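J.: generate coordinates for the sequence data below:
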Amino acid sequence: MASTYGSQFQHSSPVHAFQLDGNGGVLPIDLNANATQQSPFWLHYDYKNKETASWIQQTDLFNDQVKSSLTGKMNRMRMVRIGDGVLLTLQTLNNTTGQRPEQLVAFRIFMNSRLIVSCRHRRVHSLDSVIDDLKEGVGAQSTGEWLADVTDAMTDEISDFTDSLHERLIEMEDVILHGEIPERGELALLRKQIIVVRRYMAPQRDMFSRLTAEKLLWLDENNRRRLQEISDRLGRCIEDLDGFIARTAIMSDEITNMMTEMMNRRIYTMSLMAMIFLPTTFLTGLFGVNLGGIPGNEFKFAFSTFCLLLAGLIATVFWWLKRSRWL
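T.: Now for the predicted structure:
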């Protein structure tokens with residue numbers, strides 16, 4: 001089996017560089033240290049870094065397909081078997097402060113029994129727990145276990161995000177049940193987040209499940225079982241997201257019905273007001289013409305009497321509408 005040397009990573013500018021010690025911990029990378037199947041390297045890069053991009057293009061560790069993927073030139077989610085290794089293009093939530101979770105982060109991995117190379121531009125927060133475990137000596141002991149740990153951490157993020165979406169849905173449903181309309185754009189943003197996450201997590205679930213069937217020697221039965229459990233858990237999150245989409249559609253219909261009802265109520269009220277004042281408008285228009293012979297124009301109390309008659313007419317029309325149950 002060919003060995004990998006630390007000197008091969010000189011001038012590659014990794015964000016993190018570790019060598020698994022085979023006991024759950026990590027060792028500092030020595031430029032002359034060699035890694036066997038029991039002690040693989042893990043190099044984590046920002047592919048927008050110029051030194052990193054240059055190193056990836058020049059190294060002999062990868063073929064052209066892997067180089068193209070690791071440098072961000074191929075964005076489609078996929079899993080490709082390459083010799084005894086595998087190339088993965090995954091998506092994870094963007095938990096960077098000030099950015100929205102559905103603005104997903106592309107996370108690319110090439111790995112085999114001796115080497116793990118991962119690339120991203122924006123930070124992958126789910127890796128923090130994996131790195132902490134390694135530094136504490138309770139992390140992955142092999143590349144297969146590392147893959148299971150990383151996919152588990154990413155799925156935990158998705159699960160937590162799904163729970164937060166559920167809580168937001170319940171709050172919004174309670175608002176609607178109380179006859180109130182959510183703030184403009186709030187439901188649209190929630191629906192967008194659900195659809196985007198569901199769109200990218202479905203192929204990722206299939207990818208995890210497919211990994212369990214690949215004949216990779218560095219994936220033992222325990223790793224395969226964990227990956228299948230992670231795939232099933234992600235599948236349940238996707239089922240929840242499908243339910244959320246249906247619930248947002250129902251809420252959208254309910255908001256539309258509420259707005260239509262409010263509009264109809266206003267139009268109905270305005271129509272009733274027009275009915276009440278229509279006779280009085282006719283009489284005031286009739287007696288307001290500037291022609292001679294209008295009855296009572298010389299009577300001292302004609303205007304007061306006319307106002308009383310109008311008030312009586314309004315009261316009569318109002319009583320009639322009430323009696324007819326229009327009010």
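
J.: do you know how far D84 is from I116?
T.: From D84 across to I116, the span is 13 Å (C-beta to C-beta, to the nearest Å). Heads up, the C-betas are built off the backbone N, CA and C, glycines and all.

J.: neighbour-wise, which of the two wins?
T.: I116 (22 against 14; other C-beta atoms under 10 Å).

J.: secondary structure class for that one?
T.: Assigned by DSSP: H, G, I helix; E, B strand; the rest coil, the conformation of I116 is strand.

J.: now do K135
T.: At K135, secondary structure determined by three-state DSSP is helix.

J.: for it, which non-adjacent residue is closest in space?
T.: In space, and not counting its chain neighbours, K135 is closest to V26: 6.6 Å by C-beta to C-beta, 6 or more residues apart in numbering.

J.: give me every residue that touches that neighbour.
T.: F18, Q19, L20, L134, K135, G139 (C-beta atoms under 8 Å, 6 or more residues apart in numbering).

J.: where's the last one, which helix or strand?
T.: It refers to G139. Here G139, judged by DSSP states H and E, is contained in no helix and no strand.

J.: got the contact list for the closest residue to it other than its chain neighbours?
T.: Spatially, and ignoring its direct neighbours in sequence, G139 is nearest to D133 (3.7 Å; C-beta to C-beta, 6+ apart). D133 makes contact with G24, G139, A140, D149, according to C-beta under 8 Å, 6+ apart.

J.: tell me if the first one really is in a helix.
T.: No. With three-state DSSP as the criterion, G24 is assigned coil and is not in a helix.

J.: quick revisit: let me know the closest of the contacts of D133 to M207.
T.: D149 (16.3 Å; C-beta to C-beta).

J.: state the number of residues packed around L211.
T.: L211: 24 neighbours (other C-beta under 10 Å).

J.: for G139, same thing?
T.: 22.

J.: for F303, see how far away it is.
T.: Remark: distance between G139 and F303 (C-beta to C-beta) = 95 Å.

J.: ok, S129 next?
T.: Distance from S129 to F303, by C-beta to C-beta: 86 Å.

J.: these two - which one has more neighbours?
T.: More neighbours surround S129 than the other of S129 and F303, with 16 against 12 (other C-beta under 10 Å).

J.: the stretch 101-250 of the chain: helices as residue ranges?
T.: Here the stretch 101-250 of the chain has its helices, by DSSP state H, counting those that start in this stretch, at 127-136, 143-177, 186-211, 221-287.

J.: avg pLDDT for the last one?
T.: Taken as a whole, helix 221-287 carries a mean pLDDT of 89.

J.: in JSON lines: the helices of the stretch 101-250 of the chain, plus distance to H11.
T.: Listed next are these as JSON lines, based on distance: least, C-beta to C-beta, whole Å:
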{"stretch": "helix 127-136", "distance to H11": "23"}
{"stretch": "helix 143-177", "distance to H11": "24"}
{"stretch": "helix 186-211", "distance to H11": "32"}
{"stretch": "helix 221-287", "distance to H11": "33"}
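
J.: nearest to G98, out of the ones you listed?
T.: That would be, of the helices of the stretch 101-250 of the chain and by C-beta to C-beta, helix 186-211, which comes in at 15.4 Å.

J.: state the mean pLDDT of that closest one.
T.: On average, the pLDDT along helix 186-211 is 92.

J.: same check on stretch 47-67?
T.: 89.

J.: got it, and stretch 73-92?
T.: 86.

J.: so which of the contacts of V26 is the most crowded?
T.: Most surrounded of the contacts of V26: other C-beta under 10 Å gives L20, at 24 neighbours.

J.: in this structure that residue contacts W42, no?
T.: Yes. Contact status for L20 versus W42: in contact at 6.7 Å, counting by C-beta atoms under 8 Å.
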